[in-house]
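**Q** Structure of the sequence below:
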Amino acid sequence: EALKEIYKGKMKAGRFSGKALWNHCLATGLCCRMISDRIFDQKGEDAFLSGLLHDVGLIVEFQAAPDLFEAMSNSKQEGVSIVDHENKVFGTNHCETGFWLSREWKLPPVVQFAIRDHHQIIDNLEPSSITGIIQLAELIASRSGYMAHPETEETLSPSLVRHLRDRIDDYLMIQQDLNEEMDKAK
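**A** Below is the predicted model:
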């Protein structure tokens, strides 16, 4: 039901838009699958699912406390991570909330932990891990205009920066193909 409301564009809170969140999650999921398939020669189902659901905790926050969510959305400042801001306002964040929800849904552990860790900066994060793939995909999706929140700044773990630099042409091709994939998905 919540996803249906997002798709219809009925979730709005200040500068937050459910439709923008849906497009961000869809773009991230599609990028996850392309990265998994093209860069790491892995089946992309878990990567796609993780990317599609990585921000599901935002939906829960919105539904559980819409007024507080709107205040949080409106007070989000540039340069402050969304996770830090949520922790200050809610006492938790969408990564933790999404993790617990994914456990309740009995999703594969790799998906659960990728949802939980997708904003964590991890020094030796393996680029081929689902968490690494989500971080790379979120960067591409956001740089392509598919941002969940206007002030979102995607940061990468250091090992991903090196990996991205080494494979930049491949990632630019994925970014170029993203709009076509989004059109097909819609």
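
**Q** show me where pLDDT drops low in this protein?
**A** Residue ranges of the chain with pLDDT under 70: 1-16, 76, 149-153.

**Q** which residues in it form strands?
**A** Ranges of strands within the chain are 12-13, 16-17, based on DSSP state E.

**Q** Of all residues in this protein, which one is nearest the centre?
**A** residue 54 (4.7 Å; Cα atoms, centre = their mean).

**Q** surely that residue meets residue 115?
**A** Yes. Under the criterion of Cβ atoms under 8 Å, residue 54 makes contact with residue 115 at 5.4 Å. Heads up, the C-betas are built off the backbone N, CA and C, glycines and all.

**Q** can you list residues touching both of the two?
**A** Contact criterion Cβ atoms under 8 Å, 6 or more residues apart in numbering; residues shared by residue 54 and residue 115: residue 98.

**Q** one step back: OK, contacts around the nearest residue to the residue nearest to the centre of the chain once chain neighbours are set aside?
**A** Nearest non-adjacent residue to residue 54, counting by Cβ to Cβ, 6 or more residues apart in numbering: residue 118, 4.9 Å away. Residue 118 is in contact with 50, 54, 95, 131, 134-135, 138, counting by Cβ under 8 Å, 6+ apart.

**Q** repeat that with 7 Å
**A** Residue 118 makes contact with 54, 95, 131, 134-135 under the criterion Cβ atoms under 7 Å, 6 or more residues apart in numbering.

**Q** Could you measure from it over to residue 30?
**A** Distance, residue 118 to residue 30, using Cβ to Cβ, to the nearest Å: 16 Å.

**Q** same thing with residue 22?
**A** 12 Å.

**Q** try residue 139
**A** In terms of Cβ to Cβ, residue 139 sits 14 Å off from residue 30.

**Q** what about those two, which has more around it?
**A** residue 30 (26 against 20; other Cβ atoms under 10 Å).

**Q** my guess is the more buried one contacts residue 181, does it?
**A** Yes. Using Cβ atoms under 7 Å, residue 30 is in contact with residue 181, at 4.6 Å.

**Q** Wait, residue 117 touches residue 129, no?
**A** No. Assessed by Cβ under 7 Å, residue 117 is found out of contact with residue 129, at 9.0 Å.

**Q** And for residue 142, nearest residue in space, chain neighbours not counted?
**A** Per Cβ to Cβ, 6+ apart, closest to residue 142 is residue 154, 4.9 Å.

**Q** burial measure for the one you found, as a count.
**A** 15.

**Q** Return the residues in contact with it.
**A** Contacts of residue 154 (Cβ under 7 Å, 6+ apart): 138-139, 142.

**Q** how close does residue 185 sit to residue 37?
**A** Residue 185 is 15 Å from residue 37, by Cβ to Cβ.

**Q** So between the two, which is more surrounded?
**A** residue 37 (15 against 11).

**Q** ok now do the more buried one, which residues does it touch?
**A** Residue 37 touches residue 44, counting by Cβ under 7 Å, 6+ apart.

**Q** Alright, calling it a day.
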